[in-house]
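>>> here is a sequence with its predicted model. Questions after.
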Amino acid sequence: LTAPSWPDDWDGVGFLESVQRFDLARFQPHPPGYPVYVALLRVAALVARVPMHAAVAVAVASGVTAVAFVWSAARSNVGERGAWAVTTLVAATPLAWRVCSGIGSEGPALACAACCAWGLTWAGRVRWVAPLALGIGAGLGLGGRLSWAPLYLGMLVLAPRGARMRAGGAAAASVVAWLAPLVSVVGASDLYRLTAAHFAGHAQRWGGTVVTEPGGARLLWLARDVFVDGLGVGSDVLGLGIGLALLLALGVALLAWRRARWRGGGSVAVVVVPY
């Protein structure tokens, strides 16, 4: 019901065009190609026929998948009542709601991240299935949203020692499964050239990053990206309400973390520092 009737940016137009013809040079889609997401769009289009409807179907299915993984992972740690609380908070997050009803690869990327979280939760107790889920989620996630690499790779690093090799092997196999066809279709040299040019545009000509343009202004933009684009804080009534809710949630989270026996500062650093 909340899905848009058309793409809200040119990237979305390129994704829809890629259902009929995959061409990175024409931004159908834009580099680096998002092969896992395009594959999901094409599978959904076999049933939905209209590319726009296929994109919405993929987004909604990704949201359902993400919520299911989050619920199962949370239930193993905080019980059924706690799992419903965690799942409700995740599903109601503006970012999650938006990407699970719109056009873009963030929906499947979120589902893959939730799959990784589920595998990481159970990796120390389920010998084979959980590490494989962790690795497959990370490998396919990289093919759907390469910019989320710090998150996927961080979760692989956090896997227990006994599960790390299995998870890493599954991730490598999953990457090969989408990278080999992508290189075959686009060509290795063209794929490198187009992706390098696109990255240079993002990192330099279109506004810079903390790395390429260090300084206090970049840190302010980073904070803006996290809280506005990431969590939905804004100057309107809804945005201000979200901001107040986040402050309340942050306070509760800090109290809970302080009272916890295991605080996991090193694990938090593995996930956060790369960003």
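All right, it came through fine.

>>> what is the mean pLDDT for stretch 185-193?
Taken as a whole, stretch 185-193 has an average pLDDT of 95.

>>> output it as PDB - backbone C-alpha positions only.
C-alpha atoms of stretch 185-193 as PDB (Å, rounded to 0.1, in the frame of the first residue of the first chain):
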ATOM      1  CA  VAL A 185      28.300 -10.600 -19.700                       C
ATOM      2  CA  VAL A 186      30.100  -7.200 -19.300                       C
ATOM      3  CA  GLY A 187      33.700  -8.200 -19.800                       C
ATOM      4  CA  ALA A 188      36.500  -7.800 -17.200                       C
ATOM      5  CA  SER A 189      38.100  -4.700 -18.600                       C
ATOM      6  CA  ASP A 190      34.700  -2.900 -19.200                       C
ATOM      7  CA  LEU A 191      33.500  -3.800 -15.800                       C
ATOM      8  CA  TYR A 192      36.600  -2.400 -14.100                       C
ATOM      9  CA  ARG A 193      36.600   0.700 -16.300                       C
END
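
>>> for that stretch, give me every contacting residue.
With CB atoms under 8 Å, 6 or more residues apart in numbering as the test, stretch 185-193 has contacts from 22, 24-25, 31-33, 182-183, 194. Placement of C-beta: from N, CA and C, glycine included.

>>> report the buried members of the residues you listed.
In the contacts of stretch 185-193, burial by neighbour count holds for 22, 24, 31-33, 182-183, 194, counting by 16 or more other CB atoms under 10 Å.

>>> among those, which are in helices?
Under the assignment DSSP state H, those contribute 182-183, 194 to helices.

>>> list the helices and strands the helix or strand hosting H53 packs on?
Taking DSSP states H and E as the definition, one finds H53 inside helix 51-92. On a contact count with 3 or more CB pairs under 8 Å, 6 or more residues apart in numbering; DSSP states H and E, helix 51-92 meets helix 10-18, helix 35-48, helix 94-99, helix 106-122.

>>> I'd like the ones you listed as a markdown table, with distance to G216, mean pLDDT and mean neighbour count appended.
Listed next are the helices and strands packed on helix 51-92 as a markdown table, based on distance: least, CB to CB, whole Å; pLDDT from 0 to 100; neighbours: other CB atoms under 10 Å:
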| stretch | distance to G216 | mean pLDDT | mean neighbour count |
| --- | --- | --- | --- |
| helix 10-18 | 30 | 94 | 18 |
| helix 35-48 | 35 | 96 | 19 |
| helix 94-99 | 26 | 79 | 18 |
| helix 106-122 | 29 | 94 | 26 |
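
>>> can you lay out these as a markdown table showing distance to R161?
Below are those laid out as a markdown table (distance: least, CB to CB, whole Å):
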| stretch | distance to R161 |
| --- | --- |
| helix 10-18 | 39 |
| helix 35-48 | 29 |
| helix 94-99 | 32 |
| helix 106-122 | 13 |
